[in-house]
Structure formats: structure tokens, C-alpha cells
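Asks: Sequence first, then the predicted structure, then my questions.
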Amino acid sequence: MTTEPKKRGASSRGSDLYSLHSLSLPATGWGEHPMAAGIFGVVSVLVIADLTRGSGRFNLTLGAISTAVGIGASLSQVIAGSIVHHFGTNAGFLFLAAVAAAAFIILYLFMPETRDKQFLNPTPGATIQ
């Protein structure tokens with residue numbers, strides 16, 4: 001009597017998750033990634049436009065930022081994959097979380113405010129219509 005190895009593939013749980021994915025409901029968590037990518041794409045261009053206004057360096061800066069994002073996405077796969085392979089998934093997650101925390105701290109401390117000064121200090125007595 002031989003036993004067959006368990007098949008890897010869609011289980012009943014996997015097919016349930018797939019059916020949730022096909023609904024495309026943001027509340028399930030499956031729809032958040034495309035929305036975040038869209039928001040990041042728009043907001044990063046707006047911030048670059050604010051930072052480079054009048055300098056003539058918009059295209060250069062947008063290209064540099066896009067290149068850095070691409071390199072970061074590629075390196076995170078290689079580095080985190082190596083860490084997961086050698087030390088486990090918890091170590092890989094902690095490494096990526098530490099990189100994200102460091103990026104947030106750098107952004108918070110060194111990124112200038114890009115909103116218009118008039119927006120931050122409105123005229124006294126002005127009403128919003």
C-alpha cells in the first residue's frame with residue numbers, strides 16, 4: 001500500500017480566498033495594493049513638482065526617484081529573500097520593517113513641507129467657500 005504525497009495547490013481555503021479576490025472589495029484587503037500604487041504614483045509626482053518648481057529639474061528628479069524605487073524594489077527581493085532563506089520569515093519581515101522605519105524617520109526629519117505658505121497661514125478673517 002503506497003501513500004501518495006499531498007498535492008500542493010488550491011485548497012478549499014485557497015479557493016475561498018480567490019473568490020474574495022474576484023469580488024475586488026477593498027474591505028477584504030485584496031484591493032488595497034493597486035490603490036496604494038496609484039496614490040504613490042500621483043503623490044510622488046506632485047511632491048517632486050513642488051520641490052523642483054522653477055528649477056527646470058523636474059524630469060531629472062522624477063527619473064532619479066523612479067530609478068531609486070526600481071532599484072529598491074529589486075534589492076529588497078534579493079536581500080530579504082536571502083535573509084528569509086538563512087534566518088526565517090520573521091527575520092525577513094523584521095529586516096523589511098526596519099528599512100521601512102528608517103525611511104519613514106529620514107522622510108519625517110529631512111523632507112521639507114511642500115504645501116504653499118499661504119495655505120498654512122491663511123489670511124485672518126478669510127472664509128472658505
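Replies: Great, that's in hand. Residues are numbered from 1 along each chain as shown.

Asks: can you give me the helices for the protein?
Replies: Using DSSP state H, the helices of the chain run over residues 12-23, 32-51, 58-87, 89-110, 117-120.

Asks: tell me what the fourth one is packed against?
Replies: Contact here means 3 or more CB pairs under 8 Å, 6 or more residues apart in numbering; DSSP states H and E; on that basis helix 89-110 packs against helix 58-87. Yep, even glycine has a C-beta here, placed from its N, CA and C like the rest.

Asks: what helices or strands is the helix it packs on leaning on?
Replies: helix 32-51, helix 89-110.

Asks: quick one: that helix to helix 32-51, angle?
Replies: Inter-element angle recorded for helix 58-87 and helix 32-51: 140 degrees (by axes from the mean of the first three to the mean of the last three CA atoms, to 10 degrees).

Asks: which of the helices of the chain has the lowest average pLDDT?
Replies: Ranked by mean pLDDT, the helices of the chain bottom out at helix 12-23, with a mean of 46.

Asks: picking that back up, now tabulate the helices of the chain in CSV and tack on mean neighbour count.
Replies: As requested, these are exported to CSV (neighbours: other CB atoms under 10 Å):
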stretch, mean neighbour count
helix 12-23, 11
helix 32-51, 12
helix 58-87, 12
helix 89-110, 11
helix 117-120, 8
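
Asks: How about Pro112: what's its closest non-neighbour residue?
Replies: Nearest non-adjacent residue to Pro112, counting by CB to CB, 6 or more residues apart in numbering: Leu51, 7.5 Å away.

Asks: Now do the contacts for the one you found.
Replies: Thr61, Pro112, Thr114 (CB atoms under 8 Å, 6 or more residues apart in numbering).

Asks: Am I right that the first one is in contact with Ala49?
Replies: It refers to Thr61. No - when contacts are counted by CB atoms under 8 Å, Thr61 is not listed as touching Ala49 (9.2 Å).
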